[in-house]
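K.L.:
just the structure for this:
(2 chains)
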Amino acid sequence: MSQEVIKHPGLNLGPTHGKDNDAAERMMSGFWVFMMSDAILFGMVFATYVTSIDATAGGPGPHDLYDIKSVFIETMLLLTSSFAFGMASLALKYKHSMTRLIGWLAVTLVLGVSFLGFELHDFATMFAKGGVPTRSGYLSAFFDLVPLHGLHVTAACIWLVCLVGQIARYGLDTMTKLGIMRLALFWHFLDIVWIAIFSVVYLAGLT
Amino acid sequence: MSEQGNDYSDQWELKQQERREFRSYVWGIGLALLLTVAPFALVHWAGIPRFPLLIVIGAFALVQMLVHFRFFLHIGFKQKREDLQLILFSTLLLTIMVAGTIWIMASLALRMTMPASP
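P.N.:
Sure, this is the predicted structure:
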């Protein structure tokens, strides 16, 4: 294997990036601490959902509200967006052209926004069927968990747009490079949370 | 590192490394697709009884999370010790709190719905 020293969890910029790589250790490790605390938050909201799954109070349940096709499309969108971000990370690390980097970031953003579009459409369908958060404990817990993830994805999309703006203004300096690296971690992390959501909420709900 | 004579072999080394990391992402998305499609297909088409199906969905989800950690987040056993400890300790906390909550609340629900004794 290579002589590259792993400075922090996740893809490392590597020694060819000089001082940017030196600055990475503290910032990336700190971001990991944030992500793990975020994982705990999601875990507790998952626990809330699982414990209130039977509390439908005579209202609509999972079988009435979930649409497996739409969830499958959302899953595919998020999964391919994770891969696209991986390609952007590699374009950054191996110093490919700026067009390639921005191109992959744009693909990621489009996939992320389409995911949000499908999700909002799902929520609208649920609302139309009477599945509103105030209907039952189960629906409150659902709209606590799934939109929390959606909110995270929205934040990540806004962050991505801001990053591209920063790159346009300042070029690829230490801050923008590490910004991309941290957003990559966050994006992959949100994809992992989505695995838990489609398994625990949608698939388990539809069995 | 960048001695004159080493430039060529460094370049080659870097190319090899890029190829390796690219392959890692391709493996990642390939395995992830497989591990996603399988449980969706099982839920949608196969008429498996509920309880075993839940176990299968859970197993697929766990394996897919490990695949994402390995191939997208590049977590292996070559991390610095404290970084790996951070992840493992968070996982431990998560397991204790989530499993504990579900256990206690399920037990409570069971007791609350028992018929009142005369």
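
K.L.:
got the contact list for the residue of chain A most remote from its centre?
P.N.:
What lies farthest from the middle of chain A is residue A:58; by Cα atoms, centre = their mean that is 33.3 Å. Listed by Cβ atoms under 8 Å, 6 or more residues apart in numbering or on different chains, the contact set of residue A:58 reads residue A:136. To be clear about C-beta, it is placed using only N, CA and C from the backbone, and glycine gets the same treatment.

K.L.:
if you count neighbours, what's buried in the longest helix seen in chain B?
P.N.:
As assigned by DSSP state H, the longest helix anywhere in chain B is helix B:7-44. Using 16 or more other Cβ atoms under 10 Å in any protein chain shown as the test for burial, helix B:7-44 gives B:10, B:14, B:17, B:21, B:24-25, B:28-29, B:31-33, B:35-36, B:39-40, B:42-43.

K.L.:
from residue A:52, how far off is the residue farthest from the centre of chain A?
P.N.:
14 Å (Cβ to Cβ, to the nearest Å).

K.L.:
cool, and residue A:33?
P.N.:
30 Å.

K.L.:
more neighbours: which of these two?
P.N.:
Ranked by neighbour count (other Cβ atoms under 10 Å in any protein chain shown), residue A:33 and residue A:52 place residue A:52 first, with 19 against 11.

K.L.:
list phi and psi for the more buried one.
P.N.:
Dihedral angles of residue A:52 (phi, psi; degrees, to the nearest 10) stand at phi -110, psi 20.

K.L.:
hang on, it packs against residue A:143?
P.N.:
No. Using Cβ atoms under 8 Å, residue A:52 is not in contact with residue A:143, being 11.4 Å away.

K.L.:
and residue 58, what element?
P.N.:
No chain was given, so I picked chain A. Applying DSSP states H and E as the criterion places residue A:58 outside every helix and strand.

K.L.:
my question was about chain B, not that one.
P.N.:
helix B:50-71.

K.L.:
hmm, who's touching that helix?
P.N.:
Contacts of helix B:50-71 (Cβ under 8 Å, 6+ apart): A:82, A:188, A:191-192, A:195-196, A:199-200, A:203-204, A:207, B:24-25, B:27-29, B:31-32, B:35-36, B:38-39, B:42-43, B:46, B:48, B:75-76.

K.L.:
mind redoing it with 6 Å?
P.N.:
A:192, A:195, A:199, A:203-204, A:207, B:24, B:27-28, B:31-32, B:35, B:39, B:75 (Cβ atoms under 6 Å, 6 or more residues apart in numbering or on different chains).

K.L.:
determine which two of the residues you listed are furthest apart.
P.N.:
A:207 and B:24 (33.2 Å; Cβ to Cβ).

K.L.:
chain A against chain B: which residues are in contact?
P.N.:
Neighbours of chain B within chain A, by Cβ under 6 Å from any Cβ of the partner chain: A:2, A:6, A:9-11, A:36, A:40, A:43, A:47, A:50-51, A:68, A:72, A:75, A:79, A:82-83, A:86, A:94, A:188, A:192, A:195, A:199, A:203-204, A:206-207.

K.L.:
can you tell me which of those are buried?
P.N.:
So, by 16+ other Cβ under 10 Å, the buried ones in these are A:6, A:9-11, A:36, A:43, A:47, A:50-51, A:72, A:75, A:79, A:82-83, A:86, A:94, A:188, A:192, A:195, A:199, A:203-204, A:206-207.

K.L.:
verify the stated contact: residue A:152 with residue A:192.
P.N.:
No. Look at residue A:152 against residue A:192 with Cβ atoms under 6 Å: they stay out of range, at 11.6 Å.

K.L.:
for residue A:95, which non-adjacent residue is spatially closest?
P.N.:
residue A:16 (7.3 Å; Cβ to Cβ, 6 or more residues apart in numbering or on different chains).
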